[in-house]
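Q: quick one, structure for this:
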Amino acid sequence: MAARSGAEQQDPLRSIRRLAIGTAAATLLLIAMGGAVRATDSGLACPDWPACYGQWIPPADLNMWLEHSHRLWAGVVGILILWLTVLAVMRRRDDPRLWRLAALALGLVVVQSGLGAAVVLFHLRAGLVTSHLAMSWIIVASLIVLAAMTRRPGSTTGDTRAVMRVGRWASVVAVAVLVQGALGSQATGRGAAYVYNALPFWLADQTWSGHAREWLHLSHRFAGYLVAGFVVWLAVAARREARRTADAPRWLVGVPTLAAGLVVVQVGLGISNVLTRAEVWSAIGHLTVASWLFAAVVAAAALGVARPLPQPPHPQHDDRGDASVGVPEHLGDIEMEEVGP
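A: This is a model prediction of the structure:
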């Protein structure tokens, strides 16, 4: 086996962490591609699965290629997660926490592929589309937690209790963002996204009938205001904890602040969706930024709650490059006495 680089010897989990981060980014890109498929009504451009009209290279049609490219990139993400699982088993077979989490992500991808097929074969049923979206977000979350677990133990600084508090708060906010995303998907899938098109509430001259679509629309809208408040509160609370904590880690302020910035952009895109009745660019941006927001909040939760895995021991080398076998000190003294005068 080829010798590892100096950086890999000092940080044996570095390659797993980088692969997890890269795979999470690839999954976020996949979600954005799915948003483009939905915004352009391309979900049934390829009515069969996994090929497109029985072909792996479909005709030169924009809608077909949007849908087909989404499927192909999903395959790439699946391969990356399979690679991540194999690497985790090879590197940390003796510590099941890491490879079990990677295997969980791989299992979720298998379920996700089945949901993707069902979405097409059952003609975009709202419940299946929502489950497909939620599962993709959960896969992103598992990859982010895995990356947090493989960070170097020395990267955790500051008051552990303050860091844990922010992590727990972020965990609650992440669940709220996930539920809000599911509500938005249901509202779109059931034709409830544009029942009312005035801000901040609804049209004064439009009557309330109590239809399920009206309830769904308003639930998503008011939940959005609530979630935005939660995210901003998290950023403020994290900043307060950082001021009280000596040597606070940089992420304690940076990641929640990033989430607060994303939620401001997300609210703006939501307003744009209502006013423009979801122009393609606005609809894609709304779903994409929602997934980024979820990833940022999950990152804050994972960095605060997930403890880094212990680093495996490494043989020490002397100046001649020979590996030390860890001879006990008293045995070394005995040997010196034997060879001495």
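
Q: what does the pLDDT read for residue 296?
A: If you check residue 296, the pLDDT there is 97.

Q: what ranges do the helices span in this structure?
A: With DSSP state H, the ranges of helices along the chain come out as 6-10, 14-39, 62-91, 96-121, 126-149, 160-189, 212-244, 251-276, 280-305, 329-339.

Q: among those helices, show the one with the smallest mean pLDDT.
A: helix 329-339 (a mean of 41).

Q: rewinding a little: nearest to residue 55, out of the helices of the chain?
A: Among those, the nearest to residue 55 by CB to CB is helix 62-91 (9.0 Å). (C-beta placed from N, C-alpha, C; glycine too.)

Q: in the closest one, what's buried?
A: Across helix 62-91, burial judged by 16 or more other CB atoms under 10 Å covers 63-68, 70-71, 73-74, 77-78, 80-82, 84-85, 87-88, 91.

Q: skipping adjacent residues, who's closest to residue 284 in space?
A: Among residues not flanking residue 284 along the chain, residue 35 sits closest, at 4.6 Å (CB to CB, 6 or more residues apart in numbering).

Q: give me the neighbour count for that neighbour.
A: 22 (other CB atoms under 10 Å).

Q: ok so, going back, okay, the helices of the chain in CSV with distance to residue 51 next?
A: Putting these into CSV (distance: least, CB to CB, whole Å) gives the following:
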stretch, distance to residue 51
helix 6-10, 40
helix 14-39, 16
helix 62-91, 8
helix 96-121, 11
helix 126-149, 19
helix 160-189, 25
helix 212-244, 34
helix 251-276, 33
helix 280-305, 25
helix 329-339, 67
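
Q: between those, which gets nearest to residue 52?
A: Judging the helices of the chain by CB to CB, what sits closest to residue 52 is helix 62-91, at 4.7 Å.

Q: could you give the angle of that closest one to helix 96-121?
A: Between helix 62-91 and helix 96-121, the angle comes out at 160 degrees (axes from the mean of the first three to the mean of the last three CA atoms, to 10 degrees).

Q: and helix 62-91, what does it pack onto?
A: Applying 3 or more CB pairs under 8 Å, 6 or more residues apart in numbering; DSSP states H and E, one finds that helix 62-91 makes contact with helix 14-39, helix 96-121, helix 126-149.

Q: and residue 59, how far is that from residue 119?
A: 22 Å (CB to CB, to the nearest Å).

Q: and residue 192, how close does it get to residue 122?
A: 20 Å.

Q: how about the contacts made by residue 184?
A: 193, 220, 224, 286-287, 290 (CB atoms under 8 Å, 6 or more residues apart in numbering).

Q: 6 Å instead?
A: residue 220 (CB atoms under 6 Å, 6 or more residues apart in numbering).

Q: and residue 282, by the same measure?
A: Contacts for residue 282 (CB under 6 Å, 6+ apart) come out as 269, 272-273, 276.

Q: neighbour count winner among residue 192 and residue 122?
A: Shown here are residue 192 and residue 122; by other CB under 10 Å, residue 192 has more neighbours (23 against 11).

Q: wait, doesn't the more buried one sit right on residue 214?
A: No - assessed by CB atoms under 6 Å, residue 192 is found out of contact with residue 214, at 7.4 Å.

Q: show me which of residue 59 and residue 119 is the more surrounded one.
A: Set residue 59 next to residue 119 and count neighbours by other CB under 10 Å: residue 119 wins out with 22 against 9.

Q: surely the more buried one meets residue 132?
A: Yes - in this structure, residue 119 is within contact of residue 132 by CB under 6 Å, at 5.4 Å.

Q: looking at the helices and strands packed on helix 62-91, which is buried most?
A: helix 126-149 (a mean of 22; mean count of other CB atoms under 10 Å).
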